[in-house]
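Asker: Fold the following, please.
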Amino acid sequence: MREVDMDADGARLRLAVIIGSTRRGRFGPTVAEWFAARARRRPDLDVDLVDLAACALPQALPDEDEPAPPAVAALGRRLAAADAFAVVTPEYNRGYPGALKVAIDWFYDEWRAKPVAVVSYGRESGGLQAAAQLREVFTELEAVPIRDGVALPCYWRDFAADGSWPKTGAECNTTVTTTLDRLSWWARALRDARTAHPYG
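Answerer: Residues are numbered from 1 along each chain as shown. Coordinates of the predicted model:
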């Protein structure tokens, strides 16, 4: 793997990898742990793996003047600390999970002026329709969805003979590198911009 330059001040970028599915038997943790492991190989990234199933966010959003419930406040601190996000999502009925939309809608400032990559999985489409919808939602929240992402069509075909995932020849082993390169570039550029000129 090629070396990635560190910032002049040595500060690493903080990447939150979010598992968007909360279903029983979900494949999301397998994908997210693989993506997070690849990100941790890089000297410029610190990774926080966020599992929405463990966050237990309330489904009902309050009025604007109500205080955030403890579970929301706890997740909010993790998202606020992040310089970039990678959202791991399945595609259900041409869309992404409702639990992920609830999690997105609980927050606003935490997403603003930060880059978002989408890692999607599904049947033949590889979750691309869910990914396209997420890019629209994050654009509305004034985040910066990046063009590059990882799509995993028929992901079950990429199990190796020993049961591990993904197998060595899987295409995602190449696209993950490009995605992390682009995400890191945007994270650094936007962090520098927010520091020099606070957004909003």
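
Asker: Is Pro166 in contact with Trp156, as I believe?
Answerer: No - between Pro166 and Trp156 there is no contact under CB atoms under 8 Å: 10.5 Å. Every residue, glycine included, has its C-beta placed from N, CA and C.

Asker: Who has more neighbours out of those two?
Answerer: Pro166 (19 against 10; other CB atoms under 10 Å).

Asker: I'd like to know how far the more buried one sits from Cys172.
Answerer: Between Pro166 and Cys172 the distance is 6 Å, computed by CB to CB, to the nearest Å.

Asker: Overlap in contacts, these two.
Answerer: Common contacts of Pro166 and Cys172, defined by CB atoms under 8 Å, 6 or more residues apart in numbering, comprise Asp158.

Asker: Next, the contact list for Thr175, please.
Answerer: By CB under 8 Å, 6+ apart, the neighbours of Thr175 are 148-151.

Asker: If I look at Pro67, what pLDDT would I see?
Answerer: Pro67 carries a pLDDT value of 88.

Asker: again, but for Glu64
Answerer: Reading off the model, Glu64 has pLDDT 79.

Asker: Okay, helices next: where are they in this structure?
Answerer: Taking DSSP state H to define them, one finds helices in the chain at 28-40, 52-55, 70-81, 98-105, 128-140, 172-196.

Asker: Please name whichever of these is nearest to Ala117.
Answerer: Nearest of these to Ala117, taken as CB to CB: helix 172-196 at 4.7 Å.

Asker: residues of the closest one that come out buried?
Answerer: Neighbour-count burial for helix 172-196, with 16 or more other CB atoms under 10 Å as criterion, is recorded at 172, 175-177, 179-180, 182-184, 186-188, 190-191.

Asker: Tell me how many other residues surround the residue nearest to Leu79 when sequence neighbours are not counted.
Answerer: Excluding the flanking residues, the one nearest Leu79 by CB to CB, 6 or more residues apart in numbering is Glu110, at 3.9 Å. Glu110 has 20 neighbours, counted by other CB under 10 Å.

Asker: who's in contact with Glu110?
Answerer: Glu110 neighbours (CB under 8 Å, 6+ apart): 76, 79-80, 82.

Asker: Same check on Arg147?
Answerer: Contacts of Arg147 (CB under 8 Å, 6+ apart): Arg182.

Asker: Over to Arg77?
Answerer: Per CB under 8 Å, 6+ apart, neighbours of Arg77: none.

Asker: Please tell me how far it sits from Tyr108.
Answerer: Counting by CB to CB, the gap from Arg77 to Tyr108 is 15 Å.

Asker: again with Gly200
Answerer: 10 Å.

Asker: what's the pLDDT at the residue nearest to the spatial centre of the chain?
Answerer: The C-alpha lying nearest the average C-alpha coordinate of the chain belongs to Ala86 (CA atoms, centre = their mean; 1.7 Å). The score at Ala86 is 98. That number is its pLDDT.
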